[in-house]
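> Using only what follows, build the 3D model:
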Amino acid sequence: MSQDSFEDWRQRRHAELAGPESWLGLVGLFWLEDEVSRVGSADDCVVRLPAGPSHLGDLLRRDGGVVWRPNDAPECSLATDRDGRPDVVDHQLLSFFVVERDGKLAVRVRDRDWVRQRPFDGVEYFPEDPAWVVEADWLPLAAPLTLEVPNVSGDLKPVTVSFQAVFEIAGQRLALLPMSVGEHEVFFVFRDRSSGRDTYGAGRFLKMKAAVDGKIRLDFNRAFNPPCAFTPFATCPLPPPENWLPLAVTAGEKRWRGDH
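Down below sits the predicted model:
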């Protein structure tokens, strides 16, 4: 299968960020620490809604899962995002859903009408440059390496790495460790000397097709900002020190003008 064009990729990325399920529409992140968490707009609610009734219902932690008990309907179980898309509860123009992060549960609240209040005018990009497309060697490590990868909340998540992508740019021999390796896709988190200046300070993401015959194609023109560049209500992995590149990667998404 041939890869889509850079312009097609940019258009899909814009549609994702400008849509009703964009990270930009999030208005809250609330951790569920008790067996019962009230949901509503009142001050005593654990999950605070920016509008609506003072008490919409309760979220119950039960048998390792989450149950939604609304005031005006029967209770129901809610799937978290652990195995895919979570179940979503809608109330007027708001919605919320449960996410699971390293055994901890949290609720994200979204304003589905956010774009009417502050339309998204896009992210700036460096011009596409074929010099930032490299064929890297996909090399096994002598022994698997376990990284303690922090996220923006300060939590550490162990990540076991067995391969690295080794490549050369501008006469420098560089390497990136993947954060996850799937059957069809490899996910990297990196930062470079443009981070905090032209690009997002905490680094950027890169998703590439899986390696074939010991080679993996890295197209830094498709480096993109993590969700945390657009909202404080996300938890994003930070690049490990091994993925701090000693040069400015002048490719991909630039820092969003409205970032935090």
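> How about the contacts made by the nearest residue to residue 120 once chain neighbours are set aside?
Spatial nearest neighbour of residue 120, excluding adjacent residues (C-beta to C-beta, 6 or more residues apart in numbering): residue 18 at 4.4 Å. No exception for glycine: its C-beta is placed from N, CA and C like everyone else's. Contacts for residue 18 were tallied using C-beta atoms under 8 Å, 6 or more residues apart in numbering; they are 115, 119-120, 122.
> And for residue 88?
Residue 88 touches 95-97, counting by C-beta under 8 Å, 6+ apart.
> Where does the closest residue to residue 178 other than its chain neighbours sit: helix, strand or coil?
Counting by C-beta to C-beta, 6+ apart, residue 186 is the residue found nearest to residue 178 once chain neighbours are left out, at 5.0 Å. Under DSSP: H, G, I helix; E, B strand; the rest coil, residue 186 falls in the strand class.
> pLDDT score for residue 143?
pLDDT for residue 143: 92.
> Need phi/psi at it.
phi -150, psi 140 (degrees, to the nearest 10).
> follow-up on the earlier one: okay if I get the contacts of residue 88 as a markdown table plus pLDDT?
Output for these, formatted as a markdown table (pLDDT from 0 to 100):
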| residue | pLDDT |
| --- | --- |
| 95 | 96 |
| 96 | 97 |
| 97 | 97 |
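> Kindly report the domain assignment for this protein.
What automatic domain parsing lists as the domains of the chain is 20-117, 123-243.
> Residues touching the lowest-mean-pLDDT helix or strand in the chain, excluding its own?
Ranked by mean pLDDT, DSSP states H and E, the weakest helix or strand in the chain is helix 114-117, scoring a mean of 86. With contact meaning C-beta under 8 Å, 6+ apart, helix 114-117 is reached by 18-20, 22, 24-25, 27, 111.
> Alright, calling it a day.
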